[in-house]
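**Q** sequence-free structure coming up:
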């Protein structure tokens, strides 16, 4: 199976997603999108495959979101994509691509729905929250 992770190693959610992918026995292709941003066509394809509005992919915290006035509801999808292309930090993360689909995995345990293989053991997030028990089952 091929798993691709659009990753920011400075993001705790992204690090937790990477660890959950590895806990399933997969080693994903990691794209550090701040160093290697997706092309416009790739970004539009990801949005389309996630079946979410472009605006849902925008990240506000720690970005020039407000400075660029991206909260204006009259802005077109093209304008929002242009902003993400100019400032990749505006792209929310982590985005995971698997044979089961494409998803913005926030919270991090959302990645469990994207992995066909089971978890191989217990997993707790960096903050200590238990997500998977010792038998590999998701803790609800």
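**A** Thanks, I have it. All values reported here derive from a predicted model rather than from experimental measurement. Numbers count the residues shown, from 1 in each chain.
**Q** this structure: helices as residue ranges?
**A** All helices of the chain, identified by DSSP state H, fall at 12-23, 40-50, 77-86.
**Q** of those, which is nearest residue 140?
**A** Of all these, helix 12-23 sits nearest to residue 140, with 15.4 Å by C-beta to C-beta. Just so you know, the C-beta spots here come from the backbone N, C-alpha and C atoms, and that holds for glycine as well.
**Q** can you pull the pLDDT of residue 85?
**A** For residue 85, the model assigns a pLDDT of 97.
**Q** OK, contacts around it?
**A** Residues in contact with residue 85 (C-beta atoms under 8 Å, 6 or more residues apart in numbering) are 37, 40, 43.
**Q** would you list the helices of the chain in CSV and tack on distance to residue 59?
**A** CSV is the format used below for those (distance: least, C-beta to C-beta, whole Å):
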stretch, distance to residue 59
helix 12-23, 11
helix 40-50, 13
helix 77-86, 9
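**Q** which of those sits closest to residue 126?
**A** Residue 126 sits nearest to helix 12-23 of all these, at 5.3 Å, using C-beta to C-beta.
**Q** so what does the closest one touch, helix or strand wise?
**A** Where contact means 3 or more C-beta pairs under 8 Å, 6 or more residues apart in numbering; DSSP states H and E, helix 12-23 is packed against strand 4-7, strand 123-124, strand 130-132.
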